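# The sequence isn't on hand, but the structure is:
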């Protein structure tokens, strides 16, 4: 969700990639559904491995970790200007009925959007990047 919102609001200013430690076969269907409500289609998005990016020698100016348990596990990418840890609950951990799960994933989506559009002072702000 963070990647999709950064692409939407950052446009040409940011080049964004999303990856996980143990990527699923496909994007969580709850995430696909709540992002579709925002006009963002993630149905064809293929999750990728953070270690795959690392092995490819990919270079990043900023690395943002968003899962609460991920900060200490992320590999060190060469050339990183800044590493940011902005944790959000994992949508896959949402419990309850389908509607309760959707409500929780919407809360996570809205919190991610709010952080991107209105970051607290000192947090990652894509609008301050040169581009």
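Perfect, I can see it now. Note that the coordinates shown come from a computational prediction; the quantities given were computed from them, not determined experimentally.

# for the longest helix belonging to the chain, packing partners?
Longest helix of the chain, by residue count under DSSP state H: helix 98-117. Packing partners of helix 98-117 (3 or more Cβ pairs under 8 Å, 6 or more residues apart in numbering; DSSP states H and E): helix 2-10, helix 29-36, strand 82-88. For every residue, glycine as well, the C-beta is placed using N, CA and C.

# which parts of the last one are buried?
Counting neighbours by 16 or more other Cβ atoms under 10 Å, one finds that the buried residues in strand 82-88 are 85, 86, 88.

# Quickly name whichever of the residues you listed is closest to residue 54.
residue 85 (17.4 Å; Cβ to Cβ).

# Let me see the confidence value for the closest one.
Listed pLDDT for residue 85 reads 81.

# same thing with residue 88?
90.

# My guess is it contacts residue 113. True?
No. In this structure residue 88 lies outside contact range of residue 113 using Cβ atoms under 8 Å: 10.9 Å.

# burial count for residue 22?
Other residues within reach of residue 22, judged by other Cβ atoms under 10 Å, total 8.

# just residue 12 next, same as before
Residue 12: 6 neighbours (other Cβ under 10 Å).

# What is the end-to-end distance of stretch 54-61?
13 Å (Cα to Cα, to the nearest Å).

# quick check: mean pLDDT across that stretch?
85.

# now swap in stretch 121-131 and tell me
Regarding stretch 121-131, the rounded mean pLDDT is 73.

# hmm, who's touching that stretch?
Outside stretch 121-131, the residues within contact range by Cβ atoms under 8 Å, 6 or more residues apart in numbering are 6, 9-10, 12-14, 62, 64, 82, 84, 86, 115-116, 119.

# That's all I had, so thanks and see you.
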